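Participant: Below is the sequence, then the predicted model.
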Amino acid sequence: MNKLRLLFLAILAGGLLSGCLKKSFDQPADLSGYDPGLPAGDSAINIRSLLNMRPYTGGSLDTLLITQDLTLTVIVNADDRSGNIYKSIYAQDSSGGIQIYIDAYSLYNRYPVGRKLYVRLKGMYLSYNSGTGTPCISGGISEQAAPLGLNGQAIDQHIIGATMGNEVKDTVVSFNAARNYTANADITLLCRLVTIADSVQFGDTLHTYASPTDATNRYIWTCGSNLYVGNTTPTGMMAVRTDNHASFHAQNLPFGKGKISGIYTIYKTTPQLILRDTTDVRFYGPRCGAVSTGSVLFSENFSGGASNTDINLTGWSNYAEAGGKKWIFSVISGSTNVFAKMSAYNTNQNSVISWLVTPAINLTGKVNPMLSFRSANGYDNGATLKVYASSNFNGSNFSTATWTQLNPTLAPSSPSGYSAFTPSGNVSLSSFTGNVYIAFKYEGADPSSGTEHSTTWELDDVSVMSN
Ligand SMILES: [Ca+2]
């Protein structure tokens, strides 16, 4: 036994040692806690002061070769991880933001969101992104006045990485202020992470974030006085611009309304937001305003339910097919948000099957009905949540109704602790007509001996909307 243990320890130590050596050869050292400070001999400058050295006038000659030993200290606020940003990053300090052109891929490995950078400006160019008005610094300027990315050794000479994980502060601005950019007053917004203070929604939900072939503008608005439907008349709206290379370009625009953040840029005089990824879009509330024939057909946010009591909402079915445990209302300590929750934990049952089914939702005459909800996963050890729709459920025929399994995005597995609530995406119900019921079916187990499948599944903001 002792010999075996020694052998095991020897193998373990050898494995760790070779692992360390391998890492040091294959990867740059982890400098996450390292801050080299301002380079010796350089003077600090902030972004606003840099822009003041050559303000934008709208001309293609708004470029400046920086000849002084000046260094910016910035925090990366957007990287190229999702593909919506290409061969550049955005960074900000307390005075403004700037785009930094770097002629390399996968910049997020070295310059992820939240990393502090020292940018040595001597020999770099300040310009305005091919005359769009968005300030940037680069390694050169093309004959067509386009910024050229830093490349080769120049990257490390100019971009010095420091600490990781710094907070990226967003600047909160009203929708009207954001879309009515005035050059001198708002220059400090450019290239910063901005959150729109108002709740907004996409004017159009029939499309994806971008076409497969081109960078695409979609438009957000507040449902104020401009009653707007569609995607062609941006009066009173603001552009959200997404590149067709973004990993999320083919996702449907979210149907709901809420808060949006993004990198604030401008195309000539038209402001636009650039998303880092779809987590910048938090449209979880119901839509507002006139939306063609569209409407919220059904929504339930579980508010008012008493925590740790069985869900008993009018019209809903809450049925324990096996194991005797029903879905309950739940609230996280310190929060007031009520959601639906199910777990086989502590049931001492070999099989736990629990259904939570919505009331009938009438789709008659509705165009493009879509289900959405949010889910969260806790202490995942194998219990499943499946989502179904049925047109012939009658409130009691759980085993004989025709259930069609839907394919929403569910929360990621979280073996320890809880995931965040995760949007399901828009799940089309176009293949159903008449009254449809949506079922959330939990299947788990908590045997007195044997394998436990007691994952917690949580649901919130179940809604069905149509155009
Ligand atoms: Ca809720």
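Facilitator: Good, I have the coordinates. Numbering: from 1, shown residues only.
Participant: How much space separates the residue of the stretch 1-150 of the chain found nearest the ion from residue 274?
Facilitator: Residue of the stretch 1-150 of the chain nearest the ion, by Cβ to the ion: residue 82 (28.1 Å). Where C-beta positions appear, they are placed from N, C-alpha and C, glycine not excepted. From residue 82 across to residue 274, the span is 10 Å (Cβ to Cβ, to the nearest Å).
Participant: Just to be sure, the residue of the stretch 1-150 of the chain closest to the ion is in a strand?
Facilitator: No - with DSSP: H, G, I helix; E, B strand; the rest coil as the criterion, residue 82 is located in coil rather than a strand.
Participant: Model confidence for the closest residue to it other than its chain neighbours, exactly?
Facilitator: Nearest-residue entry for residue 82: residue 277, 4.2 Å, with adjacent residues in sequence omitted and distances by Cβ to Cβ, 6 or more residues apart in numbering. Per-residue confidence (pLDDT) for residue 277: 95.
Participant: Report the separation between residue 277 and residue 375.
Facilitator: 19 Å.
Participant: quick one on the thing from earlier: quick check: the residue of the stretch 1-150 of the chain closest to the ion touching residue 245?
Facilitator: No - Residue 82 is beyond contact range of residue 245, at 9.2 Å (criterion: Cβ atoms under 8 Å).
Participant: Tell me the secondary structure of residue 34, please.
Facilitator: coil.
Participant: ok, it - how many residues close by?
Facilitator: Using other Cβ atoms under 10 Å, residue 34 is surrounded by 11 other residues.
Participant: so who does it touch?
Facilitator: If a contact means Cβ atoms under 8 Å, 6 or more residues apart in numbering, then residue 34 has 162, 163 as its contacts.
Participant: circling back: which one of residue 277 and residue 375 is surrounded by more residues?
Facilitator: Neighbour count, other Cβ under 10 Å: between residue 277 and residue 375, residue 375 has more, with 25 against 14.
Participant: Check which helices and strands the one helix or strand residue 457 maps to sits against.
Facilitator: Residue 457 belongs to strand 456-466 when elements are defined using DSSP states H and E. Applying 3 or more Cβ pairs under 8 Å, 6 or more residues apart in numbering; DSSP states H and E, one finds that strand 456-466 contacts strand 295-300, strand 338-342, strand 370-378, strand 435-444.
Participant: Kindly recompute the last result at 6 Å.
Facilitator: Counting contacts by 3 or more Cβ pairs under 6 Å, 6 or more residues apart in numbering; DSSP states H and E, strand 456-466 packs against strand 295-300, strand 338-342, strand 370-378.
Participant: Distance-wise, check residue 396 relative to residue 358.
Facilitator: Computed as Cβ to Cβ, the residue 396 to residue 358 distance reads 15 Å.
Participant: pLDDT score assigned to the residue of the stretch 151-300 of the chain found nearest the ion?
Facilitator: Closest to the ion within the stretch 151-300 of the chain is residue 300: 8.4 Å, counting by Cβ to the ion. We have a pLDDT of 92 for residue 300.
Participant: quick one, phi psi at the residue nearest to the spatial centre of the chain?
Facilitator: Residue closest to the average C-alpha location in the chain (Cα atoms, centre = their mean): residue 279, at 1.2 Å. With angles defined as degrees, to the nearest 10, residue 279 sits at phi -70, psi -10.
Participant: what's the closest non-adjacent residue to residue 452?
Facilitator: residue 446 is the one closest to residue 452 (Cβ to Cβ, 6+ apart), at 5.4 Å.
Participant: what's residue 305 in contact with, if anything?
Facilitator: Going by Cβ atoms under 6 Å, 6 or more residues apart in numbering, residue 305 touches 329, 338.
Participant: Please name the bridge partners of the residue in the stretch 351-467 of the chain positioned nearest to the ion.
Facilitator: In the stretch 351-467 of the chain, the residue that lies nearest the ion is residue 460 (4.3 Å; Cβ to the ion). Per DSSP bridges, the residues bridged to residue 460 are residue 374.
Participant: same check, this time on residue 92
Facilitator: If you apply DSSP bridges, the partners that residue 92 bridges to are residue 75, residue 97.
Participant: What is the neighbour count of it?
Facilitator: Neighbour count for residue 92, taken as other Cβ under 10 Å: 25.
Participant: Repeat that for the one 4 residues further on.
Facilitator: Residue neighbour count, defined by other Cβ under 10 Å, stands at 22 for residue 96.
Participant: tell me the contacts of it?
Facilitator: Residue 96 neighbours (Cβ under 6 Å, 6+ apart): 47, 48, 188.
Participant: now the last one, what's its secondary structure?
Facilitator: In other words, residue 188. Quick answer, by three-state DSSP: residue 188 is helix.
Participant: Got the confidence number for the closest residue to it other than its chain neighbours?
Facilitator: Of all residues not flanking residue 188 in the chain, residue 96 sits nearest, at 4.4 Å (Cβ to Cβ, 6+ apart). According to the prediction, residue 96 has pLDDT 96.
Participant: Residue 270 now?
Facilitator: On the pLDDT scale, residue 270 gets 83.
Participant: Spatially nearest residue to it, not counting backbone neighbours?
Facilitator: Nearest to residue 270 is residue 239, by Cβ to Cβ, 6+ apart, at 6.5 Å.
Participant: Am I right that the one you found is in contact with residue 217?
Facilitator: Yes - judged on Cβ atoms under 6 Å, residue 239 makes contact with residue 217 at a distance of 4.1 Å.
Participant: How many neighbouring residues does the closest residue to residue 200 other than its chain neighbours have?
Facilitator: Nearest residue to residue 200 in three dimensions, chain neighbours excluded: residue 220, at 4.3 Å (Cβ to Cβ, 6+ apart). Neighbour count for residue 220, taken as other Cβ under 10 Å: 27.
Participant: The ion contacts on the stretch 301-450 of the chain?
Facilitator: 301, 302, 337, 339 (Cβ under 5 Å from the ion).
Participant: you'd agree the second one is up against residue 338?
Facilitator: What it means is residue 302. Yes - the pair residue 302 / residue 338 is scored as a contact, 4.5 Å apart, by Cβ under 6 Å.
Participant: any low-confidence regions in this protein?
Facilitator: 1-32, 59-61, 130-131, 183-185, 205-206, 224-235, 289-294 (pLDDT under 70).
Participant: Please enumerate the helices of it.
Facilitator: With DSSP state H, the ranges of helices along the chain come out as 2-26, 47-53, 153-158, 175-179, 183-186.
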